[in-house]
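>>> Show me how the following folds:
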Amino acid sequence: MNEYDSDKMRDVLQASHCMEMTTIPEEADVLLLNTCSIREKAQEKVFSAIGRWRKIKNKRPEVIIGVGGCVASQEGAAIQKRAPYVDIVFGPQTLHRLPELLNQARETKQRIVDISFPEIEKFDALPEPRAEGPKAFVSIMEGCSKYCTFCVVPYTRGEEISRPLNDIIAEISILAEQGVREVNLLGQNVNAYQGDMGDGELAEFSVLLHYVAAVDGIDRIRFTTSHPAEYSDDIIEAFAEIPELVNHLHLPVQSGNNNILAKMKRGYTRSEYLDIMNKMKTIRPGISLSSDFIIGFPGETEKEFEDTLALIEEVGFDFSYSFIYSARPGTPAAEIEDNVSEEIKKQRLNKLKTRLNEMTMAISNSMVDTVQTVLVEGVSKKNPLQMTGRTENNRVVNFTAHPRLAGQFVDVMITEALPNSLRARIIESSVDKILQ
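Coordinates of the predicted model:
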């Protein structure tokens, strides 16, 4: 979501002020920092980052410095109180107002704050999307109404607001015409999607998936992130009915213990989560499953942690993300006494990550000598003589091939599994027609 928002910041300023990106801060007329408040010490990292821009501002007072994103939404004017050289503070829902905020800051020479939560205005004001390669993010909704006790998102991005279905399909159609073959549908909780269909009816997420699959040129669909409490049977059925849905599901569980899940206010039990996983395995044999885990939630016992380890073994997760719990200011969990020492948290995280990495590597090794369909994204960053792409289960694959294959689907034979990628050789018969 942050990557998507950063791209849109660039797009709106390019459309309004003909601005171009630069990788050299000293050359910039506008310096923008997009922020995330999910992780610990986010605020301190923000002030450290913008502190490096202060020298630029001192030399060139006309330079505009802006802080956006979730930390901006959370801190508001407090950012400018601590760092008075920041001209603009704006939230995730007001990034489309950047052109007018920029003009206002330049004309009035005053500090501007806009961290409001306009409902759907953001998407109506964004310029026409442009593709940068064969993959694209498409935001289908904003905000979250789950209010998990550890999470700051509802307070920084607002409650759930879904985009109209026709607007989403129009955006995806434009991207497909520009060569996009894979879309990743974004939302804090895509399962809660309820989009206006233009006839007074609301489309649920499974309905949207069918519409996206019908867009000519779109051959792969991913989505992130889902919430188990609303992962309904119609979404599971979509995996049986829509071949464009990749053979991978990321479904954050956070903990494998019912007591911790209740304290987190997740809205489901361990057995309900396992039921979803088993249904997905039945409907899509061999599906890649990944998740998120929070370790050391306040009061977590050794037994409760062991329940999470046991869940991992039972599901057989592929790559997953795991973090030590860190209290976010203003969330209910921040008020719970935390009696788990940092040392124990780190030990548990280490144990969890070690096992998850072993499982990831085992799945990668099992892919050696198999044929995989890869969407070729472009030239490999590590080896300019090779091309790179991704499998359905989101593995990076590097292989020798003609650059003209960028944006195409090809079949490759996996030859080697590495810690963070796969190596392969292209199957020539799969590219003969493309290169003719």
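>>> phi, psi of E171?
phi -60, psi -40 (degrees, to the nearest 10).
>>> er, T22 actually
Main-chain dihedrals, T22, degrees, to the nearest 10: phi -130, psi 150.
>>> show me where the stretch 201-350 of the chain has strands.
Ranges of strands in the stretch 201-350 of the chain, per DSSP state E, counting those that start in this stretch, are 202-204, 220-224, 248-250, 288-290, 292-295, 321-324.
>>> which stretch among these comes nearest W53?
Distance to W53, taken as CB to CB, is lowest for strand 321-324 among the strands of the stretch 201-350 of the chain, at 28.4 Å. The C-beta positions use only the backbone N, C-alpha and C, and glycine is treated the same way.
>>> pLDDT below threshold where in this structure?
Where the chain drops to pLDDT under 70, the residues are 39-40, 119-120, 433, 435-436.
>>> ok, 80 please
Along the chain, the model assigns pLDDT under 80 to residues 37-43, 118-127, 430, 432-436.
>>> most centrally placed residue in it?
For the chain, M1 is the residue whose C-alpha lies nearest the centre (CA atoms, centre = their mean; 4.8 Å).
>>> ok, now which ones touch the spatially closest residue to that residue that is not a sequence neighbour?
Leaving aside its chain neighbours, M1 sits nearest to L186 (5.4 Å; criterion: CB to CB, 6 or more residues apart in numbering). Residues in contact with L186 (CB atoms under 8 Å, 6 or more residues apart in numbering) are 1, 4, 137-140, 223-224.
>>> distance of L186 from I295?
For L186, the distance to I295 equals 26 Å [CB to CB, to the nearest Å].
>>> Over to T388?
For T388, the distance to I295 equals 32 Å [CB to CB].
>>> Looking at the two now, which is surrounded by more residues?
Using other CB atoms under 10 Å as the criterion, T388 and I295 rank with I295 on top: 24 against 20.
>>> what residues are up against the more buried one?
305, 308, 322-325, 345, 348-349, 352.
>>> V376 against P403, yeah?
No: the criterion here is CB atoms under 8 Å, and V376 misses it with P403 at 9.1 Å.
>>> what's the overlap in contacts for those two?
With CB under 8 Å, 6+ apart as the test, V376 and P403 both reach M387.
>>> Neighbour count for those two, which is higher?
V376 (28 against 10).
>>> you'd agree that one is in a strand?
Yes: counting by DSSP: H, G, I helix; E, B strand; the rest coil, V376 is part of a strand.
>>> Now render the strands of the stretch 201-350 of the chain as TSV, adding distance to M21.
Converted to TSV, those look like this (distance: least, CB to CB, whole Å):
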stretch	distance to M21
strand 202-204	35
strand 220-224	25
strand 248-250	29
strand 288-290	31
strand 292-295	31
strand 321-324	28
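>>> Minimum distance to Y211: which of those has it?
strand 202-204 (7.5 Å).
>>> Give me the helices and strands touching that closest one, please.
If you count contacts as 3 or more CB pairs under 8 Å, 6 or more residues apart in numbering; DSSP states H and E, strand 202-204 packs onto strand 194-196.
>>> switch to 10 Å and redo it
Applying 3 or more CB pairs under 10 Å, 6 or more residues apart in numbering; DSSP states H and E, one finds that strand 202-204 makes contact with strand 161-162, helix 165-177, strand 194-196, helix 205-213.
>>> Serialize those to CSV and add fields for distance to L356 and mean neighbour count.
Shown next, in CSV, are the helices and strands packed on strand 202-204 (distance: least, CB to CB, whole Å; neighbours: other CB atoms under 10 Å):
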stretch, distance to L356, mean neighbour count
strand 161-162, 33, 22
helix 165-177, 33, 18
strand 194-196, 34, 18
helix 205-213, 27, 20
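>>> can you put the ones you listed in CSV and add distance to V368?
Shown next, in CSV, are those (distance: least, CB to CB, whole Å):
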stretch, distance to V368
strand 161-162, 42
helix 165-177, 33
strand 194-196, 42
helix 205-213, 31
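>>> Pull the distance from the longest helix along the chain to the chain's centre.
In terms of residue count, the longest helix belonging to the chain (DSSP state H) is helix 342-366. Mean-position distance between helix 342-366 and its chain equals 22 Å (CA atoms, centre = their mean, to the nearest Å).
>>> And for stretch 405-415?
25 Å.
>>> ok, now stretch 168-182?
Stretch 168-182 sits 19 Å away from the centroid of its parent chain (CA atoms, centre = their mean).
>>> now swap in stretch 390-404 and tell me
For stretch 390-404, the distance to the chain centre is 21 Å (CA atoms, centre = their mean).
>>> so is G200 in a helix, a strand, or just coil?
Applying three-state DSSP: G200 is coil.
>>> Might you report the residue contacts of it?
Listed by CB atoms under 10 Å, 6 or more residues apart in numbering, G200 has no contact partners.
>>> go on, T282?
Here T282 is in contact with 236, 240 (CB under 10 Å, 6+ apart).
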